[in-house]
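J.: 3D, please:
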Amino acid sequence: MTKNCQECGEPLIGRADKKFCNDQCRSAHYQKLHAEGNESIRLINNTLKKNRGILLKLNPDGKTKVKKTILEKEGFLFKYFTSIYVTRDNRTYFFVYDQGYASIENDYYLLVRNNDL
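T.: Model prediction:
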């Protein structure tokens, strides 16, 4: 009984436990196999990178105050962040890796950098 390549269907020659005829078929098979779940992860990671880039651009000195409209104009998406930090006085900071932001008065946001990372 002849076994066939799991990717292209060509007959396999060689080891009894061989699954693919060459490295290209093996690689293509595993890329297809993992592509479905990875697409959403890739999109989320790209959004996080974009958010971090926006925060870096608007906060070059490590601490500043900006209007919410400026963040929105740059394309910042508030629902994407990597961690939350709540201070003793109950101010909530949302972090995108090392760049953080907290809502303050009159639609302003305080942008900070976590230098411990």
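J.: Which other helices and strands does the host helix or strand of residue 24 contact?
T.: Assigned by DSSP states H and E, residue 24 belongs to helix 23-58. With contacts defined as 3 or more C-beta pairs under 8 Å, 6 or more residues apart in numbering; DSSP states H and E, the packing partners of helix 23-58 are helix 68-74, strand 92-96, strand 99-104. Glycine gets a C-beta too; all of them are placed from N, C-alpha and C.
J.: can I get those in JSON lines with mean neighbour count?
T.: Listed next are these as JSON lines, based on neighbours: other C-beta atoms under 10 Å:
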{"stretch": "helix 68-74", "mean neighbour count": "13"}
{"stretch": "strand 92-96", "mean neighbour count": "18"}
{"stretch": "strand 99-104", "mean neighbour count": "19"}
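J.: Export the ones you listed to JSON lines and append columns for distance to residue 9 and mean pLDDT.
T.: Listed next are the helices and strands packed on helix 23-58 as JSON lines, based on distance: least, C-beta to C-beta, whole Å; pLDDT from 0 to 100:
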{"stretch": "helix 68-74", "distance to residue 9": "49", "mean pLDDT": "97"}
{"stretch": "strand 92-96", "distance to residue 9": "45", "mean pLDDT": "97"}
{"stretch": "strand 99-104", "distance to residue 9": "49", "mean pLDDT": "97"}
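J.: can the ones you listed go into JSON lines with extra columns for distance to residue 24?
T.: Listed next are the helices and strands packed on helix 23-58 as JSON lines, based on distance: least, C-beta to C-beta, whole Å:
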{"stretch": "helix 68-74", "distance to residue 24": "41"}
{"stretch": "strand 92-96", "distance to residue 24": "38"}
{"stretch": "strand 99-104", "distance to residue 24": "40"}
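J.: Of the ones you listed, which is nearest residue 83?
T.: strand 92-96 (4.6 Å; C-beta to C-beta).
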